[in-house]
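K.L.:
Provided below for reference: sequence and predicted model.
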Amino acid sequence: MPEHEKTELSELALRFIRYAGIDTASDGSSDTSPSTAVQMDFLMMLRDELIGMGMEGVELDPAGTLYAGLPGGGSGETVVGLLAHVDTSPEAPGRGVSPRVHRNWDGGPIVLEGGTVIDPSDTERMSDYVGGTIITSDGTTLLGADDKAGVAVIMEACRILMEDPGIPRPPVRVAFTTDEEIGRGMDGFDTSKFGAELAYTVDGGPVGKVDTQTFNACSAVFAIKGREVHPGSAKGQMVNAVRIASDLVSTLMHEEMPENSQGTEGYTYPMSISGTTGEAALRLILRDFTEEGMKRRLEYLDALREFMVLRYPVAGIDLKTSRQYSNPAEVLKKDPRAVEYAMRGTMEAGIRPQETAIRGGTDGSRLSFMGVPTVNLPTGGELFHSRREWVAEEGLEQSLATLMATLRTWGVEQRRSSGPI
Ligand SMILES: [Zn+2]
């Protein structure tokens with residue numbers, strides 16, 4: 001980007017672009033924590049920026065979480081936490097991100113390198129930003145607004161609140177996590193170090209949306225043992241684990257699969273088959289907004305296993321399931337302020353609020369069950385985990401305005417309830 005163009009962007013957009021250029025992809029096949037060293041490099045940079053702002057209690061956990069707090073307390077007793085994850089999805093290339101800025105966007109498709117085209121009709125709210133400034137990658141990588149936009153918005157909120165201590169706010173704690181995209185963002189997260197009673201992740205999509213529900217999530221693995229015999233003399237002898245795995249998939253109800261699921265419908269998703277005649281594994285994930293629905297999906301897999309055992313009596317067919325995260329909706333009802341103040345904050349930022357269910361998990365779903373009820377706020381970005389990911393500069397500003405107004409609501413309400421000052 002030429003120097004003269006940079007100055008036309010807001011501080012928030014410049015901060016976002018600076019962060020987006022840093023490689024922080026997580027890696028599900030790595031056993032280390034965090035899964036990639038580059039995430040740690042970015043956390044160290046954020047740590048230095050937070051210290052530079054004058055934040056207090058800045059502490060970088062070597063396993064991959066950065067904690068900090070706004071000094072000087074704030075109004076009231078309830079400490080509010082802000083969270084974003086620094087990693088980007090390994091599902092699309094995330095190295096060498098080179099953001100492109102499209103000013104005065106005319107509302108037409110945005111053509112990028114490598115045949116990547118962002119068609120506004122494929123994405124939810126892009127047409128709201130006609131005439132605005134759209135930020136994308138160059139088309140060969142993801143952009144990483146998920147969740148560098150959240151990181152940038154929280155950092156900018158901290159900067160503003162540090163510069164003007166007169167802005168009403170509650171006591172605020174901040175945490176930046178790693179490996180959210182591979183489901184490990186809350187591994188090793190220390191809620192007492194975090195020190196917040198309620199929290200907001202800034203990791204959502206279009207502005208206005210306040211995510212108060214996520215799926216309940218389980219994973220399942222069928223481990224299949226067959227019997228290997230030379231194919232030339234296999235009659236009546238061979239038990240082929242590959243065929244059994246494929247039979248399991250074709251017996252699943254395809255109307256229950258992700259490609260046939262939307263809104264508040266769940267799904268059962270066969271993700272991978274691996275193996276040979278002697279041994280194969282079928283991995284699935286299950287998603288459902290209700291506990292009853294999840295129970296029904298798990299029972300279906302049990303029944304399917306029993307059926308396959310009857311069909312292939314010589315084979316070994318085991319099923320293991322485990323819980324990944326749970327819908328925080330019930331937990332959030334215990335203290336309705338987290339949702340209520342976010343809805344009011346959104347309205348005060350001049351945006352129509354909408355309580356929504358997110359078709360995926362966030363760190364917040366797990367954190368809610370670790371005792372910190374957590375609501376997800378929007379970043380303004382869309383088409384996450386793809387080369388077509390985009391965010392508008394105006395959307396980033398709306399995301400920041402939503403967060404600031406939510407914190408202001410907390411500050412004002414807590415000051416009011418603690419009596420005249
Ligand atoms: Zn995210």
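P.N.:
Received it, and whenever you're ready, just let me know what you need.

K.L.:
now residue 189: how far from residue 74?
P.N.:
22 Å (C-beta to C-beta, to the nearest Å). For every residue, glycine as well, the C-beta is placed using N, CA and C.

K.L.:
do you know how far the closest residue to residue 386 other than its chain neighbours is from residue 139?
P.N.:
Excluding its sequence neighbours, the residue lying closest to residue 386 (C-beta to C-beta, 6 or more residues apart in numbering) is residue 92, at 5.4 Å. Per C-beta to C-beta, residue 92 is found 11 Å from residue 139.

K.L.:
find residues that contact each of the two.
P.N.:
residue 387 (C-beta atoms under 8 Å, 6 or more residues apart in numbering).

K.L.:
send the alpha carbons of stretch 141-159 over as PDB?
P.N.:
Output of stretch 141-159 as PDB, limited to C-alpha atoms (Å, rounded to 0.1, in the frame of the first residue of the first chain):
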ATOM      1  CA  THR A 141      -4.900 -16.600   1.200                       C
ATOM      2  CA  LEU A 142      -7.600 -16.000   3.800                       C
ATOM      3  CA  LEU A 143      -7.800 -12.500   5.300                       C
ATOM      4  CA  GLY A 144      -7.900 -13.500   8.900                       C
ATOM      5  CA  ALA A 145     -10.600 -11.100  10.100                       C
ATOM      6  CA  ASP A 146     -11.500 -14.200  12.000                       C
ATOM      7  CA  ASP A 147     -10.200 -13.200  14.500                       C
ATOM      8  CA  LYS A 148      -7.600 -10.500  13.900                       C
ATOM      9  CA  ALA A 149     -10.600  -8.100  13.500                       C
ATOM     10  CA  GLY A 150     -11.600  -9.100  17.100                       C
ATOM     11  CA  VAL A 151      -8.100  -8.600  18.300                       C
ATOM     12  CA  ALA A 152      -7.800  -5.200  16.600                       C
ATOM     13  CA  VAL A 153     -11.200  -4.000  18.000                       C
ATOM     14  CA  ILE A 154     -10.300  -5.000  21.600                       C
ATOM     15  CA  MET A 155      -6.800  -3.400  21.300                       C
ATOM     16  CA  GLU A 156      -8.300  -0.200  20.000                       C
ATOM     17  CA  ALA A 157     -11.000  -0.200  22.700                       C
ATOM     18  CA  CYS A 158      -8.200  -0.500  25.300                       C
ATOM     19  CA  ARG A 159      -6.300   2.300  23.700                       C
END
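
K.L.:
could you give the mean pLDDT of that stretch?
P.N.:
When pLDDT is averaged over stretch 141-159, the result is 98.

K.L.:
list the buried residues in it.
P.N.:
141-159 (16 or more other C-beta atoms under 10 Å).

K.L.:
repeat that for stretch 333-350.
P.N.:
Residues of stretch 333-350 classed as buried under the neighbour-count rule (16+ other C-beta under 10 Å) are 337-339, 341-346, 348-349.

K.L.:
hang on, isn't residue 394 packed against residue 132?
P.N.:
Yes. At 4.6 Å, residue 394 counts as touching residue 132 under the criterion of C-beta atoms under 8 Å.

K.L.:
and the chain, which residues reach the ion?
P.N.:
Selection of the chain residues close to the ion by C-beta under 5 Å from the ion yields 146-147, 203.

K.L.:
which SS class is the one residue in the stretch 151-300 of the chain that gets nearest to the ion?
P.N.:
Proximity of the stretch 151-300 of the chain to the ion (C-beta to the ion) peaks at residue 203, 4.2 Å away. Under DSSP: H, G, I helix; E, B strand; the rest coil, the three-state class of residue 203 is strand.

K.L.:
run a quick neighbour tally on it.
P.N.:
28 (other C-beta atoms under 10 Å).

K.L.:
tell me where this structure has helices.
P.N.:
In the chain, the segments counted as helices under DSSP state H are 3-6, 11-20, 37-53, 145-163, 191-194, 241-251, 291-311, 329-332, 337-348, 363-369, 393-417.

K.L.:
among the ones you listed, show the one with the smallest mean pLDDT.
P.N.:
For these, where the average pLDDT is lowest is helix 3-6, sitting at a mean of 50.

K.L.:
that older thread, of the helices of the chain, which is nearest residue 170?
P.N.:
helix 393-417 (4.1 Å; C-beta to C-beta).

K.L.:
and the closest one, what's buried?
P.N.:
Here helix 393-417 shows 393-415 as buried, counting by 16+ other C-beta under 10 Å.

K.L.:
roughly how far is stretch 43-55 from the heart of the chain?
P.N.:
23 Å (C-alpha atoms, centre = their mean, to the nearest Å).
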